[in-house]
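>>> Provide a 3D model corresponding to the input given below.
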Amino acid sequence: MTTTTARFASVFAPMRDAEATDSDLLSRFVADRDARAFSTLVARHGPMVFGVCRRVLGHWHSAEDAFQATFLVLARRAAAITPPGAIAGWLHGVAFRVAKDIRRSEGKRNQREHLTG
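Prediction:
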């Protein structure tokens, strides 16, 4: 378990909702903006999301930025996930696209800095 994964697990270790399904948690978040349900989803899927971001980006700090951006997308677009039980695949796809966008932006910035430096 990576340090970041351990950190996420320790933050959300005492979860009351550990037995709830992803579909139930997502439905509660969409209906009531239930922070506990969202936290459980982050704890459950955070290690996978961070792993995707880390593999695409290779840099720890960039991966953390992509991780946060992925869960911001979830917070904004949770109602669009169909079926609600498909959240793992949805998050994987979002994490991959967000990380690729960050990698592309960093590449462009590095080119500009190299040209001006």
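
>>> for the protein, what spans make up the helices?
For the chain, the helices defined by DSSP state H cover 3-11, 22-32, 35-57, 60-77, 87-116.

>>> most tightly packed of the ones you listed?
Among the helices of the chain, ranked by average contacts under mean count of other CB atoms under 10 Å, first place goes to helix 35-57 (a mean of 20). Every residue, glycine included, has its C-beta placed from N, CA and C.

>>> taking helix 60-77 as reference, get the angle to that helix.
Between helix 35-57 and helix 60-77, the angle comes out at 140 degrees (axes from the mean of the first three to the mean of the last three CA atoms, to 10 degrees).

>>> average model confidence for helix 35-57?
Per-region confidence: helix 35-57 scores 97 on mean pLDDT.

>>> comparing the helices of the chain by mean pLDDT, which bottoms out?
helix 3-11 (a mean of 58).

>>> list the contacts of stretch 73-86.
Identification of contacts with stretch 73-86 by CB atoms under 8 Å, 6 or more residues apart in numbering yields 21-23, 26-27, 29-30, 38, 41, 87, 90-91, 94, 98.

>>> only the C-alpha atoms, please, for it, written as PDB.
Output of stretch 73-86 as PDB, limited to C-alpha atoms (Å, rounded to 0.1, in the frame of the first residue of the first chain):
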ATOM      1  CA  VAL A  73     -15.800  15.900 -11.300                       C
ATOM      2  CA  LEU A  74     -17.600  13.200  -9.300                       C
ATOM      3  CA  ALA A  75     -19.100  15.800  -6.900                       C
ATOM      4  CA  ARG A  76     -20.400  17.800  -9.800                       C
ATOM      5  CA  ARG A  77     -21.500  15.100 -12.100                       C
ATOM      6  CA  ALA A  78     -22.600  12.300  -9.800                       C
ATOM      7  CA  ALA A  79     -26.200  12.300 -11.100                       C
ATOM      8  CA  ALA A  80     -24.900  11.500 -14.600                       C
ATOM      9  CA  ILE A  81     -23.500   8.100 -13.700                       C
ATOM     10  CA  THR A  82     -25.700   5.400 -15.100                       C
ATOM     11  CA  PRO A  83     -26.100   2.800 -13.800                       C
ATOM     12  CA  PRO A  84     -25.100   4.000 -10.300                       C
ATOM     13  CA  GLY A  85     -23.300   0.800  -9.600                       C
ATOM     14  CA  ALA A  86     -20.800   1.600 -12.400                       C
END
